[in-house]
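Student: the following comprises the amino acid sequence and a computationally predicted model.
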Amino acid sequence: DVEVRERHEHGGGLGGGISLWPNALRALDVLGLGDAVRDEGLVQAAGGIRDRRGRWIVRTDNARMAARHGDGVTVLPRARLLAILRERLPAGVVRPSTPVERPAEIDADLVVGADGIGSVVRGLVAPAARVRSTGTVAWRLAAHVDHAPDEGGETWGDGCYAGVAPLRDGRVNLWAVVRADDPAARHLDALRRRFAGFHAPVPELLDAVDPASAHVAELSWLPPLRSLHRGRYVLLGDAAHAMPPNLGQGGCLALEDAAVLARCSPDLARYDRLRRPRTAALTRRSRLAGRVAGLSGTFLTAGRDGLGRVLPAALTLRALDGVLGWRPPAPAPLTPQ
């Protein structure tokens with residue numbers, strides 16, 4: 001018997017879009033939902049990283065990625081992904097508007113803490129763990145435009161960066177990251193001025209965003225834990241390994257966690273062995289990627305951009321093998337009754 005306690009009224013959480021990389025779609029296949037997500041998502045034609053003038057630093061070819069890993073990058077509204085997950089559950093399993101404040105009082109054989117970066121369940125598994133700030137603030141926004149770009153990607157500037165991801169419904173998902181002490185961290189007009197000199201369509205999309213869609217939050221991360229479980233409590237997603245969004249893997253790894261836990265439960269030690277080394281390594285890698293993207297200064301940013309341009313595209317794609325090549329474990333053998 002399973003019960004999902006959801007803090008939000010409609011189980012919605014943060015809006016906007018979510019990018020699902022091949023490893024996440026493989027995890028959804030384990031849950032029997034991969035094809036449903038592929039049918040509703042928009043596969044990005046290409047992507048990568050540009051400089052503020054629009055020149056490519058690193059270019060990602062989705063067709064080559066799909067040939068190597070089985071899928072490209074698929075983007076769909078986060079709310080729709082959550083709806084697909086909910087629709088597969090029996091009626092009454094999800095209890096909305098039911099935040100968990102005292103998990104130790106829950107009467108259950110297994111308590112899965114999938115309660116985000118501010119997890120209360122984590123206090124029972126790793127009471128000494130503390131979330132750390134990156135010193136940056138992220139804006140997440142959505143825009144409706146007549147001619148949406150057919151390519152996504154990120155643009156690196158001097159002490160800031162922004163990204164674009166088109167959705168199938170005509171909306172465009174945007175994000176922008178600036179230092180926490182920058183006026184653009186607090187005001188939309190200041191954010192627009194900060195990115196006014198970026199290549200098209202970044203300024204045009206920022207001008208077109210719906211202010212009501214804005215979600216502004218300090219970017220934080222969680223240093224790797226010594227264990228993801230303790231007794232009957234186990235952590236999943238950001239509760240276990242919150243990381244900066246610079247690899248686009250936060251939601252993807254949460255789906256991996258779910259697929260692995262489904263195949264390991266009730267062997268939580270096996271789940272920990274399979275998940276902790278991978279998520280710890282990607283947390284560190286994502287933290288490094290965020291520092292590189294947010295570099296400041298003419299010489300540092302020029303060196304960063306120049307180094308990226310000389311790397312062959314094939315080498316860049318192979319560098320992602322450790323991230324995208326993940327495969328789910330075999331199901332645990334059945335125990336005779």
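Tutor: Received, thanks. All of these numbers come straight from a predicted model, not from anything done at the bench.

Student: got a pLDDT number for residue 39?
Tutor: As predicted, residue 39 sits at a pLDDT of 95.

Student: ok, now the one 10 residues further on?
Tutor: At residue 49 the predicted local distance difference test score is 95.

Student: let me know the average pLDDT across the lengthiest helix in the chain.
Tutor: With secondary structure taken from DSSP state H, the chain has its longest helix at helix 268-293. Helix 268-293 carries an average pLDDT of 97.

Student: for residue 81, grab phi and psi.
Tutor: Dihedral pair for residue 81: phi -60, psi -50, per degrees, to the nearest 10.

Student: and it, how many neighbours?
Tutor: Here the count is done by other Cβ atoms under 10 Å, and residue 81 has 22 residues near it. Bear in mind the C-beta positions are built from the backbone N, C-alpha and C, glycine included.

Student: over to residue 114?
Tutor: By other Cβ under 10 Å, 20 other residues sit near residue 114.

Student: other SSEs contacting the lowest-mean-pLDDT helix or strand in the chain?
Tutor: The helix or strand of the chain with the lowest confidence, counting by mean pLDDT, DSSP states H and E, is helix 313-319 at a mean of 81. Under the contact definition 3 or more Cβ pairs under 8 Å, 6 or more residues apart in numbering; DSSP states H and E, helix 313-319 sits against strand 56-61, helix 62-69.

Student: send me that helix as CSV with only the CA atoms.
Tutor: The C-alpha coordinates for helix 313-319 follow below in CSV (Å, rounded to 0.1, in the frame of the first residue of the first chain):
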residue,chain,number,x,y,z
ALA,A,313,32.3,18.0,-31.4
ALA,A,314,32.8,14.2,-31.2
LEU,A,315,35.0,14.6,-28.1
THR,A,316,32.4,16.8,-26.5
LEU,A,317,29.7,14.2,-27.1
ARG,A,318,31.9,11.4,-25.8
ALA,A,319,32.6,13.4,-22.7
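
Student: returning to what we had before: between the helices and strands packed on helix 313-319, which gets nearest to residue 296?
Tutor: Nearest to residue 296 among the helices and strands packed on helix 313-319 is strand 56-61 (16.4 Å), distances taken as Cβ to Cβ.

Student: partners of that closest one, with directions?
Tutor: Note on strand 56-61: by DSSP bridges, its sheet partners are strand 46-51 (antiparallel).

Student: got the contact list for residue 224?
Tutor: Contact partners of residue 224, counting by Cβ atoms under 8 Å, 6 or more residues apart in numbering, are 241, 276, 279, 280, 283, 284.

Student: helix or strand: which one has it?
Tutor: Using DSSP states H and E, residue 224 sits within no helix or strand.

Student: and the gap between it and residue 119?
Tutor: Look at residue 224 and residue 119: by Cβ to Cβ, to the nearest Å, they are 15 Å apart.

Student: circling back: most surrounded residue in the contacts of residue 224?
Tutor: Result: residue 241 is most packed of the contacts of residue 224 (other Cβ under 10 Å), 28 neighbours.

Student: who's in contact with the closest residue to it other than its chain neighbours?
Tutor: Nearest residue to residue 241, sequence neighbours excluded (Cβ to Cβ, 6 or more residues apart in numbering): residue 279, at 3.9 Å. Counting by Cβ under 8 Å, 6+ apart, residue 279 touches 224, 240, 241, 253, 257.
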